[in-house]
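In: Kindly return the folded structure for what I paste below:
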Amino acid sequence: MEDSGENNIKKEAGGGEAMSIKVKDQSGGEVVFRVKPHTKFEKIILAFCQKKSVDPAQVRFVYDGNRLDRNSTPAELDMEEGDTIDAFLEQIGGCC
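Out: Modelled structure (predicted):
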């Protein structure tokens, strides 16, 4: 997995074509990852959190209205080139 904005599709042995997946945070910032369809989301989540300097336990990742399972893959969710995952910081505590 590499973090890049490249538009070319690379053929990689055993994993199919690499695809670009965007992770968008609440402030509108985007990070683009080039991953194989069978790469577990855990790798993307950890890379995003490291880049943004946040604790992975405090971020919720959502695709198509559903929270991501760290062990699932883009292929399992039928993701396509350029799809976007939303990242939300979890709120702890409340008012009063």
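In: In the chain, where is pLDDT below threshold?
Out: For the chain, the stretches flagged by pLDDT under 70 are 1-16, 91-96.
In: Let's see that with 90 instead.
Out: 1-17, 28, 89-96 (pLDDT under 90).
In: burial of R34, as a residue count?
Out: 19 (other C-beta atoms under 10 Å). Quick note: C-beta positions are derived from backbone N, CA and C, even for glycine.
In: Correction: the previous question concerned P56.
Out: P56 - counted by other C-beta under 10 Å - has 13 other residues nearby.
In: Angles on the backbone of the closest residue to it other than its chain neighbours, please.
Out: Distance criterion C-beta to C-beta, 6 or more residues apart in numbering; nearest residue to P56, sequence neighbours excluded, is C49 at 4.4 Å. Here is the backbone geometry of C49 (degrees, to the nearest 10): phi -60, psi -40.
In: One more: the one 3 residues further on?
Out: For K52, the backbone dihedrals are phi -90, psi 0 (criterion: degrees, to the nearest 10).
In: what's the distance between the nearest residue to P37 once chain neighbours are set aside and V32?
Out: Excluding the flanking residues, the one nearest P37 by C-beta to C-beta, 6+ apart is A75, at 3.8 Å. Distance check for A75 against V32: by C-beta to C-beta, to the nearest Å, it reads 18 Å.
In: In terms of neighbours, single out the busier of those two.
Out: Applying other C-beta under 10 Å to A75 and V32 shows that V32 carries more neighbours, namely 17 against 14.
In: The more buried one touches S20, doesn't it?
Out: Yes. Counting by C-beta atoms under 8 Å, V32 touches S20, with 5.4 Å between them.
In: Which residues does S20 form beta bridges with?
Out: S20 has the following beta-bridge partners by DSSP bridges: R34.
In: Can you show me the strands along the protein?
Out: Secondary structure of the chain (DSSP state E): strands located at 2-3, 11-12, 16-17, 19-24, 30-35, 59-63, 66-67, 84-89.
In: Against F61, how distant is the residue nearest to P56?
Out: Counting by C-beta to C-beta - C49 and F61 are separated by 10 Å.
In: Pull the number of nearby residues for E17.
Out: The tally of other residues near E17 (other C-beta under 10 Å) stands at 11.
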